[in-house]
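Engineer: Give me a model of this one.
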Amino acid sequence: MQPSPWPEPDPQVTAAIKAIYRRKAFPLAVQVRDMLGEVYADEQFAGLFGSRGRPGYSPGRLALVSVLQMAEKLTDRQAAEAAGRDLSWKYALGLALDDPGFDHSVLPEFRARVVAGAAEQHLLDALLAKIAELGLVKAGGKQRTDSTHVVSAVRDLNRIELAGESVRAAVEAIVAAVPDWFSAAFDVAGWSARYGRRIDSWRLPTAKSKRDELADGYGRDGHALLAAVYADTAPGWLRELPAVQVLRVVLVQNYLVAVDKQGRAVIRMREAGDGLPPAPSRVASPYDTNTRWAAKGDDLFWNGYKVHISETCDDVPVDMPGARRVDPPNVITNIATTDGTVPDVAMTAPVHAMLAERGLTPGEHYVDSGYASAELLVSAREQGIELVTPLLADTSAQAKAAAGYARADFVFDFDARVATCPQGQVSSTWNDCVQEGTAKIVVTFPGPVCTACPVRSLCTTRKKGGRQLTVPPREVHEAQCAARAEQATKDWQQRYARRAGVEGTIDQAVDLGIRRARYRGIDKVRLQHVLTACAINLNRLEAYWNGDMLDRTRTSHLSRLKLDLAA
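Structural biologist: Predicted coordinates:
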């Protein structure tokens, strides 16, 4: 790759565009070049290419093509054709009128280089730097974050299908690599009958006994295949095939190997009580080892990933040359992709860290209760961030029933290291500890005093001993109490309503396909999501430059009719 600045737009292309769009707004690609200039410089991607060999196509141009491709929902072939014949794209890329563009296979090769170099976020970083130069995004403002589910690009498999497909994938990889070795070690006809076609539920037997027998058969075949691969007579590199490694993990996670009374090995599929691995570590597909089964609420289950989107939500007008005085667009400042089992609360601190790396740390960060904890309120405050979020209520039996003495009814003196109950009794012990990696304080009241207390039934359900309370350290406790008291006020609730606007951003991202992975593997999916964020930013900038802001929410024709009738 030989870095070079993009040429100025070809005069013939410029003249044609001015003639065609004389009384209309210029297309997105033209406005991006006019307002942002060379968004992606070749030098930003120099580390992804070698220093020798035939020169490659401009990576900066390919980056912009990838974003425009996502914005216009094009395939690789359509995007390559647009670069060769669409005048607005030629203008943005600085191509001559007779430039044929490039072959569509260049785009997946470019994406592979970006993923291999872990440079996905560079695409959003470069765009945000250009937007910051226009004064449309900066640190210290208001931002909001929310997440949505992402369905992986592989089939959903039950455990029997997973076992069979894992064996099949390993067999396919081995036969493709060393067909002679496999034919000498196994009965090709028998294995072809079982694994010649993909394993589908509708082909499986319906009787439980036969399904169990089939599942055990997949386990025996898998173990036999691994035994042959790991034998001294087998080529050593066979065991390094990715499909073979996946098969090993699937067998360990889903099968038990025992010895019967005759000393024979018995292979059977694990049941619920046999120590199945937790969801975050359980392989769900042999073709995408990053995808995971996840659930949200009582009615949403999916196999895939989760994406977290952060955007600005300031409402201060900004003067922009060539545009009407309108509210600035909400700019996506961060996008993070995880597997589906990662809870939202585990991403609050990483999102803050990613925003800080970009120099876009918010002053106020609006999130829902899934991202919140009292500890995070304090840690965010130390970074200069006010985390505006409703904390979950006290989950004790007394608080849930709204009867009896909950933790809020006790008085804690952190200096004296004592707690006082509503009846005026003082605690007997105050112990600092760590529970699940978090600092806590366990307070216990004397058993004889609690036993004789006339309102014991309002305080504890323990059969013996006194009331026991677990509280966080002072700073966290005080922040938790203050937040719970504030979130009950009407002023806070009106302020927090600002967070709801992020749902419109998720809806816009869904329209660009963010809820369905285009590729296999979390790194490739992460690149897809970064490109989606860049595309949304460009679409919003185009609307802002044209003075036509996008609707904050979308209202269906039926909903409008209902509102009209109600009026």
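Engineer: Centre of the chain to the top helix by length along the chain, how far?
Structural biologist: Ranked by number of residues, the top helix in the chain under DSSP state H is helix 522-545. Centroid displacement of helix 522-545 relative to its chain, using CA atoms, centre = their mean, to the nearest Å, is 15 Å.
Engineer: try stretch 291-307
Structural biologist: Computed by CA atoms, centre = their mean, the chain-centroid distance of stretch 291-307 equals 11 Å.
Engineer: List the buried residues of that stretch.
Structural biologist: If you call a residue buried by 16 or more other CB atoms under 10 Å, then stretch 291-307 has these buried ones: 291-294, 296, 302-307. (Each C-beta comes from the backbone N, C-alpha and C, glycine too.)
Engineer: circling back: which parts of the helix or strand that comes right after the longest helix of the chain count as buried, going by neighbours?
Structural biologist: Proceeding N to C from helix 522-545, the next assigned helix or strand is helix 557-566, under DSSP states H and E. The neighbour-count check on helix 557-566 (16+ other CB under 10 Å) flags nothing as buried.
Engineer: If you average the pLDDT over helix 557-566, what comes out?
Structural biologist: Averaged across helix 557-566, the pLDDT comes to 79.
Engineer: likewise stretch 246-255?
Structural biologist: 95.
Engineer: any idea how far it is from the chain center?
Structural biologist: For stretch 246-255, the distance to the chain centre is 26 Å (CA atoms, centre = their mean).
Engineer: just checking, what packs against the longest helix of the chain?
Structural biologist: helix 28-36, helix 59-71, helix 106-116, helix 120-133, strand 300-312, strand 332-339, helix 502-511 (3 or more CB pairs under 8 Å, 6 or more residues apart in numbering; DSSP states H and E).
Engineer: Could you point out which of those sits nearest residue 457?
Structural biologist: Closest approach to residue 457 among the helices and strands packed on helix 522-545 (CB to CB): strand 300-312, 39.3 Å.
Engineer: And that closest one, what does it pack against?
Structural biologist: Other helices and strands packing on strand 300-312, by 3+ CB pairs under 8 Å, 6+ apart, are strand 142-151, strand 292-296, strand 332-339, helix 348-357, helix 502-511, helix 522-545.
Engineer: Please repeat the previous calculation with a cut-off of 6 Å.
Structural biologist: Contacts defined by 3 or more CB pairs under 6 Å, 6 or more residues apart in numbering; DSSP states H and E place strand 300-312 against strand 142-151, strand 332-339.
Engineer: Could you list the alpha-carbon positions for it in CSV?
Structural biologist: The C-alpha coordinates for strand 300-312 follow below in CSV (Å, rounded to 0.1, in the frame of the first residue of the first chain):
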residue,chain,number,x,y,z
LEU,A,300,-36.9,-12.9,24.5
PHE,A,301,-34.4,-15.6,23.7
TRP,A,302,-31.8,-15.5,21.0
ASN,A,303,-28.5,-17.0,19.9
GLY,A,304,-26.0,-14.3,19.1
TYR,A,305,-24.6,-11.1,20.5
LYS,A,306,-25.5,-7.8,22.1
VAL,A,307,-24.6,-4.3,20.9
HIS,A,308,-24.4,-1.2,23.1
ILE,A,309,-25.0,2.2,21.4
SER,A,310,-24.0,5.5,22.9
GLU,A,311,-25.1,8.9,21.4
THR,A,312,-25.1,12.5,22.3
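Engineer: Direction included, what does that strand pair up with?
Structural biologist: Using DSSP bridges, the strands paired with strand 300-312 in its sheet are strand 142-151 (antiparallel), strand 292-296 (antiparallel), strand 332-339 (antiparallel).
Engineer: With distance to residue 82 and mean pLDDT as extra columns, can I get those strands in JSON lines?
Structural biologist: Shown next, in JSON lines, are the strands paired with strand 300-312 (distance: least, CB to CB, whole Å; pLDDT from 0 to 100):
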{"stretch": "strand 142-151", "distance to residue 82": "26", "mean pLDDT": "96"}
{"stretch": "strand 292-296", "distance to residue 82": "36", "mean pLDDT": "93"}
{"stretch": "strand 332-339", "distance to residue 82": "24", "mean pLDDT": "96"}
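Engineer: about what we covered before: between the helices and strands packed on strand 300-312, which gets nearest to residue 9?
Structural biologist: Checking the helices and strands packed on strand 300-312 against residue 9 by CB to CB gives strand 332-339 as the closest, at 27.4 Å.
Engineer: Need the phi and psi values for residue 434.
Structural biologist: For residue 434, the backbone dihedrals (degrees, to the nearest 10) come out as phi -130, psi 120.
Engineer: For residue 380, see how far away the residue nearest to residue 486 when sequence neighbours are not counted is.
Structural biologist: Using CB to CB, 6 or more residues apart in numbering and skipping the chain neighbours, the partner closest in space to residue 486 is residue 492 (5.1 Å). In this view, residue 492 and residue 380 are 17 Å apart by CB to CB, to the nearest Å.
Engineer: ok, these two, which is more surrounded?
Structural biologist: For the pair residue 492 and residue 380, the greater number of neighbours falls to residue 380 (23 against 15), based on other CB atoms under 10 Å.
Engineer: Helix, strand or coil: sort out the more buried one for me.
Structural biologist: The three-state label given to residue 380 by DSSP: H, G, I helix; E, B strand; the rest coil is helix.
Engineer: what's the answer for the one 4 residues further on, then?
Structural biologist: Put simply, residue 384 is coil when judged by three-state DSSP.
Engineer: What of residue 491?
Structural biologist: Going by three-state DSSP: residue 491 is helix.
Engineer: Could you shift the numbering so residue one becomes 112, and keep it that way?
Structural biologist: New numbering, starting at 112: the last item is residue 602.
Engineer: Now tell me what touches stretch 327-340 from outside.
Structural biologist: By CB atoms under 6 Å, 6 or more residues apart in numbering, the residues outside stretch 327-340 that reach it are 274-275, 278, 296, 349-350, 355, 358, 362, 366, 378-379.
Engineer: ugh, typo on my part, it should be stretch 529-542
Structural biologist: 516, 520-523, 528, 553-557, 560.
Engineer: Neighbour-wise, give me the winner out of the residues you listed.
Structural biologist: residue 556 (25 neighbours).
Engineer: So that residue is in contact with residue 576, correct?
Structural biologist: No. At 8.7 Å, residue 556 does not count as touching residue 576 under the criterion of CB atoms under 6 Å.
Engineer: The closest residue to residue 148 other than its chain neighbours - how many residues pack around it?
Structural biologist: Spatially, and ignoring its direct neighbours in sequence, residue 148 is nearest to residue 241 (7.4 Å; CB to CB, 6+ apart). Neighbourhood size, residue 241 [other CB under 10 Å]: 19.
Engineer: I figured residue 241 was touching residue 147, is that so?
Structural biologist: Yes. Residue 241 lies in contact with residue 147 (CB under 6 Å); the separation is 4.6 Å.
Engineer: so who does residue 271 touch?
Structural biologist: Listed by CB under 6 Å, 6+ apart, the contact set of residue 271 reads residue 326.
Engineer: if I look at the nearest residue to residue 561 once chain neighbours are set aside, how far off is residue 503?
Structural biologist: With CB to CB, 6+ apart as the measure, residue 577 is the residue that lies nearest to residue 561, at 3.6 Å, once sequence neighbours are left out. Distance of residue 577 to residue 503, computed by CB to CB: 26 Å.
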